[in-house]
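Novice: Provided below are the primary sequence and the corresponding predicted coordinates.
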Amino acid sequence: MADLPPLRALQVFEAVGRLGSVTRAARELHVSPGAISQQIKSLENTLETRLVERKGSGIVLTKVGAAFHNAVEKTFADLVKARVEIIDKHRTGALIISALPLFASRWLSSRMFAWQTSHPQINLHLEGSVTEPATAERPFDFRITYADKAHLFDSFVPLFTDGLCPVCSPALIASGPPLNTPADLLSYRLLTIDWSAFLSPPPSWEDWFHLVKVDGTHIPHFFVMSLSSLAIEAAIEGRGIVLAQRAMVEDELKSGRLVAPFPDVLKLPSPYILGWKKSVFSKAGAGEFHRWLVGLARKEDVAAPAPNAAI
């Protein structure tokens, strides 16, 4: 097994070969084109052979690359078939909830545990996925994603629109320069999340500074991360200040692991939605789960000041 190429690189190669484009593969996998190119280069280095080559403004598979892609494509197809026939068959009795990974891990999972306590007869299966599940390939009952994906579902309902605010470890600002005004944040490393795969145009620190009337800023210290969860963990560890989704750091703000030095919230351009298939309400527990989640989500008020915001 040690001689196998990295699975992520194989997934990227399969998408590039199937779509014939780095840009389209990046869009499908919700990463940047640069990340796609890096994975392809890593795979070529591992295999010690060229798999793709540039042709005009696009790319094509080499002869060896095309043969290898056929094998990789078949292998992934076999994995999908195995999942459908074995794993999905095993979980058919459960209510399957698919959600964006950050939403699943930081907002939904703990609340679902509490809900199931009062509904012990309902089995739940929660999965986090950045890729929108196709009904035939990855069965699901409910999907939580952004509103621009609403057309993928038979029905949907808005949940809430999250917002961004600066958060950091209290230890970081206790030992650093004082934060008297929003402009003082520029003295710290600002952790940046690459939103380009999810939202267009992607929100930025510049947008937040414009909200608080600090324009024309140059950010001298920043660090870009492709995953919100990585940026939030880095902030908890005192690595810098992150412009994080308020609802996704609510527990950390309440516990004091994170603080919001300024209360201003930059609303995201698109709300979360709950989407579902037509047949879902014939499944045990679906109606109860739908009513509970929609009611809970509508209590979210990300425009309110953060619990411990203070200048």
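Specialist: Right, received. Where do you want to start?

Novice: what about the stretch 201-311 of the chain, any weak spots by pLDDT?
Specialist: Within the stretch 201-311 of the chain, the ranges that satisfy pLDDT under 70 run 301-311.

Novice: now with 80?
Specialist: 201, 216-222, 226, 301-311 (pLDDT under 80).

Novice: residue ranges for the helices of it, please.
Specialist: Here the stretch 201-311 of the chain has its helices, by DSSP state H, counting those that start in this stretch, at 205-211, 228-236, 250-255, 286-297.

Novice: can you check the stretch 1-150 of the chain too?
Specialist: Assigned by DSSP H, counting those that start in this stretch, the helices in the stretch 1-150 of the chain fall at 7-19, 22-29, 33-47, 63-82, 88-90, 101-103, 109-117.

Novice: Please enumerate residues in contact with the second one?
Specialist: The set of residues that contact helix 22-29 without belonging to it, under Cβ atoms under 8 Å, 6 or more residues apart in numbering, is 11-12, 15-16, 19, 32-33, 35-37, 40, 59, 130-131, 197. Any C-beta I mention is one placed from the backbone N, CA and C, and that applies to glycine too.

Novice: Most neighbours among those, which one is it?
Specialist: residue 16 (28 neighbours; other Cβ atoms under 10 Å).

Novice: I'd say that residue and residue 37 touch.
Specialist: No: at 9.3 Å, residue 16 does not count as touching residue 37 under the criterion of Cβ atoms under 8 Å.

Novice: what mean pLDDT does stretch 123-133 have?
Specialist: The average pLDDT within stretch 123-133 is 87.

Novice: Identify the farthest-apart pair in the contacts of helix 22-29.
Specialist: Within the contacts of helix 22-29, two members stand farthest from each other by Cβ to Cβ: 59 and 130, at 23.2 Å.

Novice: still on that earlier bit, out of the contacts of helix 22-29, which one has the lowest pLDDT?
Specialist: Here the lowest pLDDT out of the contacts of helix 22-29 sits on residue 197, with 71.

Novice: so that one makes contact with residue 34?
Specialist: No: at 11.7 Å, residue 197 does not count as touching residue 34 under the criterion of Cβ under 8 Å.

Novice: Tell me how far the nearest residue to residue 155 once chain neighbours are set aside lies from residue 7.
Specialist: Once flanking residues are discounted, residue 155 sits nearest to residue 276: 5.8 Å by Cβ to Cβ, 6 or more residues apart in numbering. Look at residue 276 and residue 7: by Cβ to Cβ, to the nearest Å, they are 30 Å apart.

Novice: These two: which is more packed in?
Specialist: residue 276 (19 against 10).

Novice: Now do the same contact list for the more buried one.
Specialist: Contacts of residue 276 by Cβ under 8 Å, 6+ apart are 141, 142, 143, 153, 154, 155, 156, 286, 290.

Novice: ok, now which ones touch the nearest residue to the fourth one once chain neighbours are set aside?
Specialist: The spatial neighbour of residue 153 that comes closest, neighbours along the chain excluded (Cβ to Cβ, 6+ apart), is residue 275 at 3.2 Å. When the contact criterion is Cβ under 8 Å, 6+ apart, the partners of residue 275 are 142, 143, 144, 145, 149, 150, 152, 153, 154, 155, 156.

Novice: Please report how far residue 275 lies from residue 300.
Specialist: Separation of residue 275 from residue 300 (Cβ to Cβ): 18 Å.

Novice: before we move on, what about residue 101?
Specialist: Taken as Cβ to Cβ, the span from residue 101 to residue 300 is 19 Å.

Novice: and what of residue 240?
Specialist: 26 Å.

Novice: Of the contacts of helix 22-29, which is the nearest to residue 165?
Specialist: Taking the contacts of helix 22-29 together and measuring to residue 165 by Cβ to Cβ, the closest member is residue 197, at 21.6 Å.
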